[in-house]
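Trainee: sharing a model prediction with you, sequence too.
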Amino acid sequence: MTRLFLSTLAATPALLACAPDTRMPESSYQWERRQERIERDWRGRQPTASQTPTTPAPKDKP
């Protein structure tokens, strides 16, 4: 039982060290970097020209 407790106690900081930092940026430089990262991630999720449909849109009926 003691070994399990000690191994759990030893593993906890290692697991918590991998957790993402959810604090808000404090300086304007950090805010800029955050915004750039958000925009870069957003652009990466957008479809490229080859992924957009090539069929023309249906014509509106008068």
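Mentor: Great, that's in hand. Numbering: from 1, shown residues only.

Trainee: helices and strands of the protein: which one bottoms out on pLDDT?
Mentor: Least confident element among the helices and strands of the chain, by mean pLDDT, DSSP states H and E: helix 2-17 (a mean of 66).

Trainee: now the longest helix anywhere in the chain: mean pLDDT?
Mentor: Across the chain, the helix with the greatest residue count (assigned by DSSP state H) is helix 28-45. The average pLDDT for helix 28-45 rounds to 94.

Trainee: how about the CA coordinates for it, as PDB?
Mentor: The C-alpha trace of helix 28-45 is given here as PDB (Å, rounded to 0.1, in the frame of the first residue of the first chain):
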ATOM      1  CA  SER A  28       0.800  43.200 -24.600                       C
ATOM      2  CA  TYR A  29       3.500  41.000 -26.100                       C
ATOM      3  CA  GLN A  30       1.900  37.900 -24.700                       C
ATOM      4  CA  TRP A  31      -1.500  39.100 -25.900                       C
ATOM      5  CA  GLU A  32      -0.100  39.600 -29.400                       C
ATOM      6  CA  ARG A  33       1.500  36.100 -29.400                       C
ATOM      7  CA  ARG A  34      -1.800  34.600 -28.200                       C
ATOM      8  CA  GLN A  35      -3.800  36.300 -30.900                       C
ATOM      9  CA  GLU A  36      -1.300  35.300 -33.600                       C
ATOM     10  CA  ARG A  37      -1.500  31.700 -32.400                       C
ATOM     11  CA  ILE A  38      -5.300  31.700 -32.400                       C
ATOM     12  CA  GLU A  39      -5.400  33.200 -35.900                       C
ATOM     13  CA  ARG A  40      -2.800  30.700 -37.200                       C
ATOM     14  CA  ASP A  41      -4.700  27.800 -35.700                       C
ATOM     15  CA  TRP A  42      -8.000  29.100 -37.200                       C
ATOM     16  CA  ARG A  43      -6.400  29.500 -40.600                       C
ATOM     17  CA  GLY A  44      -5.000  25.900 -40.400                       C
ATOM     18  CA  ARG A  45      -8.600  24.600 -39.900                       C
END
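
Trainee: from Arg34, how far out is Arg40?
Mentor: For Arg40, the distance to Arg34 equals 11 Å [CB to CB, to the nearest Å]. In this view, the C-beta of every residue, glycine as well, is placed from N, C-alpha and C.
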